[in-house]
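In: how would this look folded up:
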Amino acid sequence: MPKELHPYAVLLRPIITEKTTVLTGLDKYVFEVDIRANKNQIREAVQVAFNVRVVEVNTMTMKGKPKRFGRRVVNRPNWTKAIVTLLPGDKIELFEGI
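Out: Residues are numbered from 1 along each chain as shown. A predicted model of the protein is given here:
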């Protein structure tokens, strides 16, 4: 059984791009989350942090890209992205005004 993560340690940062701004109109918000977190932990973290009701959580693991440092090529670490769908009418003020 995985170690329980604190709700505030699950969400690392919001992802704000043109694509995610369009999703905001559909009540979907995108976050980078801890790679060890599961969907239930992500749901609880968003509900506790932003006082909203979560309908659905979709997650995907993003592969780390290769980066060059002189002659040496290293891979960036893999990370997890979560798309969180809220109940219609609920909003996260963090994303407003962008």
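In: could you find the closest non-adjacent residue to residue 73?
Out: Leaving out its chain neighbours, the residue that sits closest to residue 73 by CB to CB, 6 or more residues apart in numbering is residue 66, at 5.3 Å. Backbone N, C-alpha and C define where each C-beta goes, glycine included.
In: tell me the confidence at that neighbour?
Out: Predicted confidence (pLDDT) for residue 66: 96.
In: could we number from 547 for the rest of this?
Out: Fine by me, first position is 547 from now on; the one you just mentioned is residue 612.
In: gap between it and residue 622?
Out: 8 Å (CB to CB, to the nearest Å).
In: repeat that for residue 636.
Out: Distance from residue 636 to residue 622, counting by CB to CB: 33 Å.
In: who has more neighbours, these two?
Out: In this view residue 636 and residue 622 are compared by other CB atoms under 10 Å, and residue 636 has more residues nearby, 16 against 11.
In: phi and psi next, for that one.
Out: Per-residue torsions, residue 636: phi -80, psi 140 (degrees, to the nearest 10).
In: got the contact list for it?
Out: By CB atoms under 8 Å, 6 or more residues apart in numbering, residue 636 lies in contact with 573, 598, 599.
In: go again using 6 Å as the cut-off
Out: Neighbouring residues of residue 636 by CB atoms under 6 Å, 6 or more residues apart in numbering: 598, 599.
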